[in-house]
Structure formats: C-alpha cells, structure tokens
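>>> Following is a predicted model, sequence given first.
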Amino acid sequence: MTDYRNLTVNVERNNSEQLFVFRIEGVLDAQTSPDLEKEISKVIDEDNNWLLINLEGLDYISSAGIRTLMATSKKIDAMKGKFALCSPSNNVFSTIKNSGFGNFFVWKDTEEEALGVFSTPRQR
C-alpha cells in the first residue's frame, strides 16, 4: 500500500499473478492523479496488461482523475489487455457518466463481478 497526499493506492496480484487489482481510496484529482499514474506505470512497464481498479474507497474524482483512467484504458487496449472499473460510489459514477465518458469503461458493481471480466486466458 502506498499513501500519497489525499490518495491511498493498494496494488495486489490476483488470479495466478495475471491480474493486478488497484484499490484506491481518497481523492483522485490534479494533485493525486500523477501518483496513481506512477503506480499503474510500474505494473504496465513490466508488460502486465490486465488491470482492475476498485473505486469503492474513492470519495471524489476530477477531470484529471478521469483522464488518468482513460489514458490507462487506452494503454491497456494497445497492449491487447483487459481493463475494468468496479464498485464506484454514486457520486464518482455520476461524475464520470456526466463527463460523457461513462461508456468508455467496462463497469461492474462489485469486485467479484469484475473478476469475471478476466476469466479468459491472458494474451501477450
């Protein structure tokens, strides 16, 4: 677990080390987005292309946070990987949806449901 100013990022390997689950808590804004990007880059730079981000503990997301999630999704798509978001609060989901990017992501209500997205063999 890594604690930043107003953001906590916990990264866990799951599913025989194929899937990385990021559990983020706090605020994802212009101040903290670079911190999340750094943690995600550590995983992606090692050629890992299955990422799940659990938003259950996220209290607030700004446009900078949404851009970070979009950039991650695009990188994973380019790597022929899988990327999903799960467990957003109503506030966080509404913010992303109202920004016009709600349909850009694979959404699941719970982490358990989201794990189903990653049930097929990983492509390299």
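Nice, thanks for sending it over.
>>> What lies in contact with the longest helix anywhere in the chain?
In the chain, assigned by DSSP state H, the helix with the most residues is helix 63-78. Contacting residues not belonging to helix 63-78 are listed as 28-30, 32-33, 36-37, 40, 44, 49-51, 53, 82-83, 85, 95-96, 99, 101, 104-105 [C-beta atoms under 8 Å, 6 or more residues apart in numbering]. In short, each C-beta sits where N, CA and C put it, glycine included.
>>> Next, give phi and psi for residue 54.
Dihedral angles of residue 54 (phi, psi; degrees, to the nearest 10) stand at phi -90, psi 120.
>>> quick one: pLDDT of it?
We have a pLDDT of 97 for residue 54.
>>> Equivalent analysis for residue 112, please.
Note for residue 112: predicted pLDDT of 93.
>>> Quickly note the distance from the residue lying closest to residue 87 once chain neighbours are set aside to residue 80.
Nearest non-adjacent residue to residue 87, counting by C-beta to C-beta, 6 or more residues apart in numbering: residue 56, 3.8 Å away. As judged by C-beta to C-beta, to the nearest Å, residue 56 and residue 80 stand 28 Å apart.
>>> out of the two, which sits in the busier spot?
Of the pair residue 56 and residue 80, residue 56 is the one with more neighbours under other C-beta atoms under 10 Å, namely 14 against 10.
>>> buried ones in stretch 14-32?
For stretch 14-32, the buried set under the neighbour-count rule, 16 or more other C-beta atoms under 10 Å, comprises 19-29, 32.
>>> all helices of the protein, in order?
33-44, 63-78, 90-98, 111-115.
>>> May I see those helices arranged in TSV, with mean neighbour count and distance to residue 7 as well?
Listed next are those as TSV, based on neighbours: other C-beta atoms under 10 Å; distance: least, C-beta to C-beta, whole Å:
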stretch	mean neighbour count	distance to residue 7
helix 33-44	17	6
helix 63-78	17	9
helix 90-98	15	13
helix 111-115	16	19
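>>> Can you pull up the most central residue in the protein?
Central residue of the chain (C-alpha atoms, centre = their mean): residue 53, 3.0 Å from the mean position.
>>> my guess is it contacts residue 25, does it?
No - Residue 53 sits out of contact with residue 25 when judged by C-beta atoms under 8 Å, with a separation of 11.6 Å.
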